[in-house]
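**Student:** The sequence isn't on hand, but the structure is:
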């Protein structure tokens, strides 16, 4: 076995330990450098994955972990999100005495997500999920003097534990039915025993898995924790949760559900379509009436989960590729948007140390004058989230909606077309609340002086902007990458 | 070796655009040096590619997939390479000239950023290998043109002119886009229905693929596609009836007029027709069942525009407007060449038209830059206030005279010595005559020959009124600085001597479409023996025009005051530009579009859709729904857990109902 392909995971695990130990030995004032160390490790991992070919295929540890284009794409998403979050955190947590723990947990969360991306076995999948979840529970409550951060962490923890229990229960049912925890073996079993595959028990097992993954994806009705947690957590952690850990649910669902659905050949199209439509409409409608931008972004994030889960409705290669592209785009747009909000928080706090609700819409008034780079970036992210070209959001939505339209024509089913129309109307609806913020940023007069935007924030945000627009301008290689990843599933 | 760097022809000015826009203020002369260096780079690469591909009759093709079967690509064939060299060279000279001309303008970084973006977009139009990229770049040059016409946006007339240019060319752009859509539909149809396949590595909207598909496309559809393309060309190249924006565009800085509204952008329309000429040539040449003949329309529109614009050039008093009408008229000649010579000698028409395009670029850019030099010196555009400038501005006066001679097409027939315009324009007029012989239709020829006479009259009127006689107003005029006069001298050399390249040029361009499609074109029948009078006539009318202007405006042998008065209906008609601004802007623009269509649209939109449907029904419902659901988010974690479990239960129930199961 050639463990080279797992080098990023190994590197980041070791780095997390090193960061903790260094933190113990260091003076508090010099802990600021740990952010740079973590960023360097993440960057090295990204370079390593890109350099070692996105199309490698290998499996490890008795076939419980696999490296293939699908896992590599999602690992890249997780690493990029972690990287920009770490870069922004250098400023956000500057001079915080617990920085070492923060970076170590963040790196471990990243490793957990990467394990999920590679998991080829339900046990490995669960372990990865828990590693990422445990780390992020703590991260969400990292501002321990801030009650809303603690509340966010507690809610996240309680609902998260419940979902883990549901998921584990689903897994045990699957094990009971098939006698294996290895995903390919499970699929093989379903294929050779169609009677068992369509039994009630099996459907119940699948629904439990949907609930477990749906928690991470923030699909309605498993989404309730998300707005509270995203709002209360430190903005950089919200960025990680919305942009990174959310995608963990999707990669798990791609690996397990898509394959299982294809194998058991029962018609869950309508079920997923209803879930997706309810999720996107719910997210968009509730986002309209929010004044807290982080909450608005949380609901918009729920809506985006609705779009991405359209990929499960038709499960064609194109639709999965569209889902992956939108997941990639969403990671950049949403990650960047939360970081921009973090910068606005920094700006408000530097005006007034005791300010509450730093992400209130009113604080965005005249942002175009006060913090031009941030305002412009936010403008780009919002238009991209609404799906306006040329942006990653447009490319993802285009491929996804196109794939469903094609499937609708092939299956001659008019209701699938209606699903697409609803999704497009939803995109139009979302422009309302994005445009409102843009109006605040550029039309209303500023309520403060121009500020100097801290370099780490600017670097992180601009990375996300470049990614968002770059994918929009030259989408072909990314579409190819997503199609290669979708091919792994053999649909 | 140079062809590997073909992409940099476009990328260099793009980089210069970004850097100048953001850093221009801190750099020498508003950042002028960056675009100059970048465009010099583009020119060097273009010229290098020319030297590489000329000896071996090669072409450069590079292509990258973009999305959904479309591509971004580079196609440098003879047609593109001559255009690339011309655009980058003229742009380079005008950028250098602008260092002097714009020296006192505070917004220099914006100026240089926009002109270098323009150059990038124009070069991208020229070297794009597919119609989609062509269209995108085409729109970008339109945008830059809008920005630069309105460069002095604080002047209401400039802002209005920018708007007019944008809106009028938009009409053409929409037609062009419709043509692309129609083409795409037809291509899809023949791929699905007639077994046409796009070869591996090629893309559906590439010119190569389009040309290969021509025989399969329904001829009627092909005619419509070409006519829609020509609609785009009419808008961009200021052909009748969409010509009105171009004279107004003179509100921009003179350098912009020289670069965009004389030498490069306005020729994009001609270039479009030339680029897709195999499609025009393949349309049926008989008028049947109400489907017109594309080439015939191209010839008539071009010929009519040539004459029509020349008549207005006779009476304009603004030095730049005379030149603007002259540009419209000369663009008409290029279209005329494509239409008439296309019917006579097929694809060789492209060479004839392009030769006039290139030589026109040199002498018209020169005329504008000379005009700029004069305006820079005397501070007015009105030729009635000039006069007697020659003694003070010898370089400008001489170079402008050379340009005027070139525009009038002065030369010595039979021994082939003459200015650039002599070779290029006379060829067009001769082909129009051949067309007349072939089809028995001498109307295009008549357009061309009368326009040639008028051209000569108006341009020498301009020159005599500006440079000779006595000064008609008290102004301190002086020769322009060297940074401005040197580009004039270089361009003057080209206006004088470029014509001698004509045989090589025609030969080189004739190979163009063979190189691209790999098919040998059928040899055309040998040239018709021209009677001497046909060969002589264009020059004769040119000289005649010179003499008329000399007599009237220099020697004052005729009293023009009777003719030039508001009592004379013909003069009034011309001075008011055939009431085109009235008809176009006031009647069609304001009365019809704004008062009738837009107002009624606004009524429906605001009162019915916005207020009734959106406000009352959709948005109220959504807001109420949002508020209601928001209340579900109680913040109590027990409720969250219950909802999660409730949802799980509902899902299981749903599937249980659906599948029954055991």
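**Tutor:** It's in. Remember, it's a predicted structure, so these values are computed and weren't measured experimentally.

**Student:** Please report phi then psi for the residue in the stretch 201-350 of chain A that chain B sits nearest to.
**Tutor:** Nearest residue of the stretch 201-350 of chain A to chain B, counting by CB to the nearest CB: residue A:221, 3.0 Å away. Placement of C-beta: from N, CA and C, glycine included. Main-chain torsions, residue A:221, degrees, to the nearest 10: phi -100, psi 20.

**Student:** Just the pLDDT at it, thanks.
**Tutor:** Residue A:221 carries a pLDDT score of 86 in this model.

**Student:** How many residues are close by it?
**Tutor:** When neighbours are defined as other CB atoms under 10 Å in any protein chain shown, residue A:221 has 21 of them.

**Student:** and if you look at residue B:575?
**Tutor:** By the criterion of other CB under 10 Å, residue B:575 has 16 neighbours.

**Student:** Quick check: the gap between it and residue B:552.
**Tutor:** Distance, residue B:575 to residue B:552, using CB to CB, to the nearest Å: 17 Å.

**Student:** Check which helix or strand the residue of chain A most remote from its centre maps to.
**Tutor:** The centre of chain A is farthest from one residue, residue A:195, which by CA atoms, centre = their mean lies 35.9 Å away. Here residue A:195 sits within helix A:194-197, counting by DSSP states H and E.

**Student:** and what of residue A:396?
**Tutor:** For residue A:396, the element it lies in under DSSP H and E is helix A:392-411.

**Student:** helices and strands of the chain: which one bottoms out on pLDDT?
**Tutor:** Since no chain was named, I'll use chain A. Lowest mean confidence among the helices and strands of chain A (mean pLDDT, DSSP states H and E): helix A:259-264, at a mean of 71.

**Student:** Chain B, not that one
**Tutor:** helix B:580-581 (a mean of 72).

**Student:** what's the spacing between the helix or strand just after it and its chain's center?
**Tutor:** Where DSSP H and E defines the elements, the next helix or strand beyond helix B:580-581 is helix B:599-602. Helix B:599-602 sits 33 Å away from the centroid of its parent chain (CA atoms, centre = their mean, to the nearest Å).

**Student:** and if you look at stretch B:362-374?
**Tutor:** 18 Å.

**Student:** go on, stretch A:156-172?
**Tutor:** 19 Å.

**Student:** Would you tell me whether it gets close to chain B?
**Tutor:** Yes. On the criterion CB under 8 Å from any CB of the partner chain, stretch A:156-172 is in touch with chain B at A:158, A:159, A:162, A:163, A:166.

**Student:** quick one, what contacts the residue of the stretch 201-350 of chain A closest to chain B?
**Tutor:** B:643, B:644, B:646, B:647, B:648, B:650 (CB atoms under 8 Å, 6 or more residues apart in numbering or on different chains).

**Student:** Tell me how many other residues surround the third one.
**Tutor:** Number of residues near residue B:646 (other CB under 10 Å) recorded here: 12.

**Student:** mind listing what's buried in stretch B:139-159?
**Tutor:** B:139-142, B:144-152, B:158 (16 or more other CB atoms under 10 Å in any protein chain shown).

**Student:** Please read the previous query as pertaining to stretch A:291-307.
**Tutor:** A:292-307.

**Student:** For residue A:236, state which of those is nearest.
**Tutor:** residue A:294 (11.6 Å; CB to CB).

**Student:** Tell me what angle the strand or helix carrying the closest one forms with helix A:392-411.
**Tutor:** In the assignment (DSSP H and E), residue A:294 maps to helix A:293-308. Helix A:293-308 runs at 30 degrees relative to helix A:392-411, counting by axes from the mean of the first three to the mean of the last three CA atoms, to 10 degrees.

**Student:** Give the next helix or strand downstream of helix A:293-308.
**Tutor:** Defined by DSSP H and E, the subsequent element after helix A:293-308 is helix A:311-314.

**Student:** Could I get the average pLDDT for the helix or strand that comes right after that following helix?
**Tutor:** Counting by DSSP H and E, the element after helix A:311-314 in chain order, helix or strand, is helix A:317-351. Helix A:317-351 shows a mean pLDDT of 91.

**Student:** Please report phi then psi for residue A:58.
**Tutor:** Note on residue A:58: backbone dihedrals following degrees, to the nearest 10 are phi -160, psi 160.

**Student:** Would you mind measuring from it to chain B?
**Tutor:** Residue A:58 sits 29 Å away from chain B when distances are taken as CB to the nearest CB, to the nearest Å.

**Student:** Provide a list of residues in contact with the nearest residue to that residue once chain neighbours are set aside.
**Tutor:** Counting by CB to CB, 6 or more residues apart in numbering or on different chains, the nearest residue to residue A:58 once its immediate chain neighbours are dropped is residue A:67, at 5.0 Å. By CB under 8 Å, 6+ apart, the contact list for residue A:67 reads A:5, A:6, A:56, A:57, A:58, A:59, A:60, A:118.

**Student:** What pLDDT is listed against residue A:67?
**Tutor:** Looking at residue A:67, its pLDDT stands at 90.

**Student:** What's the local residue count around residue B:594?
**Tutor:** Neighbour count of residue B:594, defined by other CB under 10 Å: 12.

**Student:** One more: residue A:362?
**Tutor:** When neighbours are defined as other CB under 10 Å, residue A:362 has 11 of them.

**Student:** so who does it touch?
**Tutor:** Neighbouring residues of residue A:362 by CB under 8 Å, 6+ apart: A:291, A:440, A:447.

**Student:** what does residue B:450 give?
**Tutor:** B:307, B:310.

**Student:** 10 Å - rerun?
**Tutor:** By CB atoms under 10 Å, 6 or more residues apart in numbering or on different chains, residue B:450 lies in contact with B:303, B:306, B:307, B:310, B:311, B:541.

**Student:** Mind putting those residues into TSV with distance to chain A, neighbour count and secondary structure?
**Tutor:** What follows is those, written out as TSV (distance: CB to the nearest CB, whole Å; neighbours: other CB atoms under 10 Å in any protein chain shown; DSSP: H, G, I helix; E, B strand; the rest coil):
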residue	distance to chain A	neighbour count	secondary structure
B:303	42	28	helix
B:306	41	29	helix
B:307	44	22	helix
B:310	44	27	helix
B:311	46	19	helix
B:541	52	22	helix
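
**Student:** Same list (the residues you listed) but as TSV, adding distance to residue B:196 and pLDDT.
**Tutor:** Below are the contacts of residue B:450 laid out as TSV (distance: CB to CB, whole Å; pLDDT from 0 to 100):
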residue	distance to residue B:196	pLDDT
B:303	36	90
B:306	39	90
B:307	42	89
B:310	45	88
B:311	47	87
B:541	49	84
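
**Student:** sorry, back to before: show me which of the contacts of residue A:362 neighbour chain B.
**Tutor:** Checking those against chain B by CB under 10 Å from any CB of the partner chain, not one of them is in range.

**Student:** Show me which of the contacts of residue A:67 are buried.
**Tutor:** In the contacts of residue A:67, the ones that pass as buried (16+ other CB under 10 Å) are A:5, A:6, A:59, A:60, A:118.

**Student:** Out of those residues, which sit inside strands?
**Tutor:** Among the buried ones among the contacts of residue A:67, the ones falling in strands (DSSP state E) are A:59, A:60.

**Student:** And the buried ones among the contacts of residue A:67, which two are furthest apart?
**Tutor:** Across the buried ones among the contacts of residue A:67 (CB to CB), the longest gap, 10.9 Å, separates A:6 and A:59.
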